[in-house]
Structures are given as C-alpha cells and as structure tokens.
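Colleague: Below are the sequence and a predicted model; questions follow.
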Amino acid sequence: MIRAVKGTRDLLPPDTSVWNYVEQSARDLFGRYRYQEIRTPIFEQTELFSRGVGEETDIVTKEMYTWEDRDGSSLTLRPENTASVIRAFIEHGLHQQPGLQKLYYMGPMFRRERPQKGRFRQFYQIGAEMIGSESPLVDGEVIEMVVRYLEAVGLRDFKLLINSVGDAESRGRYVAALREQLAGVKEQLSADNQRRAETNPLRVLDSKDPQDEPVITTLPSIHEFLNAETKEHFAAVCAYLDDADVSYEVRPRLVRGLDYYTRTTFEIVHGALGAQNSVLGGGRYDGLAESLGSRVRAPGIGFSIGADRLVMSLQETAAGTIPVPVVDFALISMGDAAMRRNLALARSLRRKGAVVEVLFDGKLKRALDLANRLGARRTVILGDDELSRGAFMVKDMASGEQSELGEADVLNLVG
RNA sequence: GUGGAUGUAGCUCAGCUGGUAGAGCUCCAGAUUGUGGUUCUGGCUGUCGCGGGUUCGAGCCCCGUCAUCCACCCCA
C-alpha cells in the first residue's frame, strides 16, 4: 500500500472545515489592519535560506529539503516564509509603494525533523510581516493583532511571552559574556549544553534539563546588556501592550532559533500541545533585508502561526465554537419523473443559497436514514402522488412533521 | 540523529500461564408494498506490520526489520 510519506498527512473533512475557518478568520482580521496577501514560491534558491535564516541554525544545517536541479543549481523547499517575503520585497522594490508594507501569507513549509505531536515535516503557517518601520508601536500593533486573532478564532488560555534579544551590538556583547561565563562552569552542564555553550550560548538559556537549572539561574539577563536605545524600544513595546490591555510575560530567557531576529521577539504558548507547546513565534528583523543584499534598509517585524498546532488546540479546547456543516434540504425522489422535478427544485434552492443534497440512490427508508445522518434539516419527498398534485412533501427532520407545499412555498423556506 | 511505547477487521480495541482469531462501531441486506433518528435479525471485511528462529503447534516466546506515536534535540 502506498502511504503518505513520514511527517506528512492528509487533512480530511470535517477537519478541513476548521482549517477553512481558521484561514478565513485570518484573512478577515488581518484585512482590518490593511494587510494584503503575498504568495511566494514553495521552493527557492538554497542560498536564500542559508543567508536569511542563518548558516549555523539547525534549520539550515540539518532540516532542509535541498536538491540539485538539472542545471546544477541548488534548490530548497521553504522551511519558513519570512526570507521569501523579504526576497520578494527587495526583488519588486516594494519599498517604493506608499506606506508600510503589510503582507500576510499562509501555506505549507517543510522541515525534515523527526515527527511528533504538533510537529510535521510538511506543516502549515499563517504569518504576517510589517516592513518599513522601526517604531515600537509597529511591534505593538503586530503583537496585538495576532492576539486579537487568536481570541477571534476562539482560542483560550494562551500565554504571550515577549523579550528583547537586543540589536547586533548589545547581543554580541551578551553572547560573548555568556560564552565566557559558561566556559568556567562547563563541567556542571549536561552534555547537550556543554556543546551549546560553545556553539550557541543563547540556547543554554531555555534548556529543559533540570541539571542545568543551577547554572542557568546564575547567568546574567540579556536586559543587563541592552543599550539605552534598545531598552527604550522594548519599554515602548511593553507600554503599547499595556495600553491595549494585552497581557504578557517578559521572559528574558526567551531566545529564538532563527538568526535574523533583533530586538523584540515573542512567542505564544498553549497547554494542549504537549512538548511542542508553541502556537506561534515571531520577532523583529531589522537587518534581514541587507543581509539578503538589499541596498535599502527594510526593518520589519512579523510572526508565523503554526496552523497545525492552532487547529489542534482549538479542537481540544473549543470544539463547541467550530462550525459544523449543515444540509438545508435533502431531496428524495421516487421514480425518474420525480427525480427530474427534484433536480429542477435543487437548482432553484441553490440559487437562493440553500445547501442541497440530492439523494440519487436507494429506497425511501434508506434515503431518509441517510438524510438523517447527514444532518439534513428538511427532506423533500417526491413521488407520483405529489407530482400529480404539483406539490412537494416537505418533512422537518427534527419534529418529524411534514406538509405538502407548492414550489414557491418550498423556496420561501430558504433563509 | 538519540531514547521509549505500540503495531490484531474500514475505526476503537479484547485475546488468560503458547493449541491455528473475537467484540463494539461502521458498511450492506432484511423485519408485507411511500417515511429516518430507538430496536431486532442476517451478512461482508483479517497473509494477527513484515522476515527469520524456537516448538508437535505462535497473535501470544526470541532475533531482525519497517511503520506509527510520544519524548530528547530544535521549532511553528
């Protein structure tokens, strides 16, 4: 048997209706902030990600789907979408458009990791980027928007974590200090963290290994290294959120795995997700455009929501708010003449906006059974008796009551 | 890449200390001819993940392998 490859999956009804709901809600809400959709290719030149995401990141070093194309160029399935959006921004000179560029996207991303709860090799992100301003108010609005979005789709009990990872200068000093201090206590660290202490000291900060806890608590906070400007920027973001009544927790140890983040970073976690409890992550990336070769500065901030994880959380915590598909009319015909008449009725009903299921096969009893299981609100039963009177037998499936109506009266039931 | 758990009908699972497979749901047909949601009757579906081994005999034991899930790593 041919099966979906490891880490990929089929999204089937009724789950797909939740996906549609989540995606449509994003379009609606982001639109109110004047975001517009951008669609970039699913694959790009490998260099885009190695330069954008970071040569040394796990994503680039071991998780990308990369292959050599027939002409010898190296191509990669996108592991994330921010780099592509910035690439498109540069390529099409979007900085010349009036105002800030506010772009949202949704679609599949690919990372070759070991699958587990909430983690897939093909997964879906809904994200947004606001490019062209360094104002902390922009950070605040982006974060507020995504919080409002989660509220709008009915997610509850999520927690917003924010931090500032500093600009290049202050972060450089911080990393150097961490590296130095960790070198002194290396023996006390777990094996994983001994390695990270050298390769990526920031990662030591959010280690889950209890063995490392004593050392971690002695480490300085990034906030001690932030320069005045960065500190002020972060304070302004927090002030925005306070004004907006968005609750958050400052987590000085929150670091992110993509190299391009500067200053504000944030994450939203939810308890229903198991170990992979992050529903979305995001942050500011003031230097990304330049590192991709842009001659114009294009500071920006964005986030991406793990749609798989959002859907999962909604299904575990807010099942009642997820709309279920309805069938307004199920049409049952006895005989060919009745079927033709019903098909015409179906056309009229659908023109008026009703959801109509024509039952093509089976006896009356079986058809009613099926209509019932499909959740039909009403069934129309049509046989020779009704035909001869030019009427339809309309049955209310909840009450069981039925009455014979002319076509106009049937159509009037819509809405 | 590392570790743990699990793999029995379409789905959820049972199967005692080894004696060649079961339940519920689903699906199909029926309970006098045009009436569902309850009930009843009957029926279909399995190389017990795959390959080896031990044994008179293995779904149950051993080895290998694959897959899935969970966790680590990392992230969405």
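Modeller: Thanks, I have the structure now.
Colleague: residues from the stretch 101-250 of chain A in reach of RNA strand B?
Modeller: Contact residues, the stretch 101-250 of chain A versus RNA strand B (CB under 7 Å from any atom of the strand): A:111, A:113-120, A:123, A:125, A:192, A:196, A:200, A:203, A:207-209. Backbone N, C-alpha and C define where each C-beta goes, glycine included.
Colleague: Please save the CA atoms from the helix or strand harbouring A:Lys395 in CSV.
Modeller: If you go by DSSP states H and E, A:Lys395 is part of strand A:392-396. Extracted in CSV, the C-alpha atoms of strand A:392-396 (Å, rounded to 0.1, in the frame of the first residue of the first chain):
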residue,chain,number,x,y,z
PHE,A,392,-43.7,18.6,-2.7
MET,A,393,-43.8,16.7,0.6
VAL,A,394,-41.5,18.6,3.0
LYS,A,395,-40.5,16.9,6.1
ASP,A,396,-38.9,18.7,9.1
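Colleague: how far away is the residue in chain A that RNA strand B sits nearest to from A:Glu56?
Modeller: Residue nearest to RNA strand B within chain A (CB to the nearest atom of the strand): A:Gly257, separated by 0.9 Å. Using CB to CB, to the nearest Å, A:Gly257 is found at 10 Å from A:Glu56.
Colleague: returning to that earlier point: what's the strand holding A:Lys395 in contact with?
Modeller: A:345, A:377-383, A:386, A:401-407, A:410, A:413 (CB atoms under 8 Å, 6 or more residues apart in numbering).
Colleague: just stretch A:112-125 next, same as before
Modeller: For stretch A:112-125, the external contacting residues (CB under 8 Å, 6+ apart) are A:5-9, A:62-65, A:80-81, A:105-111, A:273-277, A:304-309, A:312.
Colleague: so of the contacts of strand A:392-396, which ones are in helices?
Modeller: The helices, defined by DSSP state H, take in A:Leu345, A:Glu386, A:Glu407, A:Val410 from the contacts of strand A:392-396.
Colleague: what's the second one in contact with, if anything?
Modeller: Just to be clear, that refers to A:Glu386. Neighbour list for A:Glu386: A:Ala338, A:Phe392, A:Met393, A:Glu404 [criterion: CB under 8 Å, 6+ apart].
Colleague: Counting neighbours, what do you get for the closest residue to the last one other than its chain neighbours?
Modeller: Right, the one you point to is A:Glu404. Closest residue to A:Glu404 apart from its sequence neighbours, by CB to CB, 6 or more residues apart in numbering: A:Ala391 at 4.5 Å. A total of 17 residues lie near A:Ala391 under the criterion other CB atoms under 10 Å.
Colleague: A:Leu292 too?
Modeller: Neighbouring residues of A:Leu292 were enumerated by other CB under 10 Å; the total is 19.
Colleague: give me phi/psi at it?
Modeller: Dihedral pair for A:Leu292: phi -100, psi 10, per degrees, to the nearest 10.
Colleague: for the residue lying closest to A:Leu29 once chain neighbours are set aside, what are its contacts?
Modeller: Nearest residue to A:Leu29, sequence neighbours excluded (CB to CB, 6+ apart): A:Tyr149, at 5.0 Å. Neighbouring residues of A:Tyr149 by CB under 8 Å, 6+ apart: A:Ser25, A:Ala26, A:Leu29, A:Phe30, A:Ile305.
Colleague: quick one: A:Thr265 is in a helix?
Modeller: No: read with DSSP: H, G, I helix; E, B strand; the rest coil, A:Thr265 is strand and lies in no helix.
Colleague: beta partners of it?
Modeller: A:Asn163, A:Gly283 (DSSP bridges).
Colleague: how far away is it from A:Asn372?
Modeller: As judged by CB to CB, A:Thr265 and A:Asn372 stand 52 Å apart.
Colleague: In terms of neighbours, single out the busier of those two.
Modeller: Remark: of A:Thr265 and A:Asn372, A:Thr265 carries more neighbours, 25 against 12, as counted by other CB under 10 Å.
Colleague: I figured that one was touching A:Gly282, is that so?
Modeller: Yes: A:Thr265 lies in contact with A:Gly282 (CB atoms under 8 Å); the separation is 7.2 Å.
Colleague: I'd like the next helix or strand past the helix or strand A:Glu213 falls within.
Modeller: Secondary structure from DSSP H and E places A:Glu213 in helix A:213-218. Later in the chain than helix A:213-218, the nearest helix or strand by DSSP H and E is helix A:228-243.
Colleague: List of residues touching that next one?
Modeller: With CB under 8 Å, 6+ apart, helix A:228-243 has contacts from A:134, A:136-137, A:139-141, A:143-144, A:162, A:164, A:166-167, A:170, A:223, A:226, A:247-248, A:250, A:263-264.
Colleague: filter these to the buried ones?
Modeller: The neighbour count (16 or more other CB atoms under 10 Å) marks A:136, A:139-141, A:143-144, A:162, A:164, A:166-167, A:170, A:223, A:226, A:248, A:263-264 as buried among these.
Colleague: who touches A:Gly362 in this structure?
Modeller: Residues near A:Gly362 by CB under 8 Å, 6+ apart: A:Leu370.
Colleague: re earlier: between A:Thr265 and A:Gly282, what contacts are shared?
Modeller: Listed contacts common to A:Thr265 and A:Gly282 are nil; contacts here mean CB under 8 Å, 6+ apart.
Colleague: gap between the residue nearest to A:Leu29 and A:Ala235?
Modeller: On the measure of CB to CB, A:Tyr149 and A:Ala235 end up 25 Å apart.
Colleague: Before I go, just wanted to say thanks for your time.
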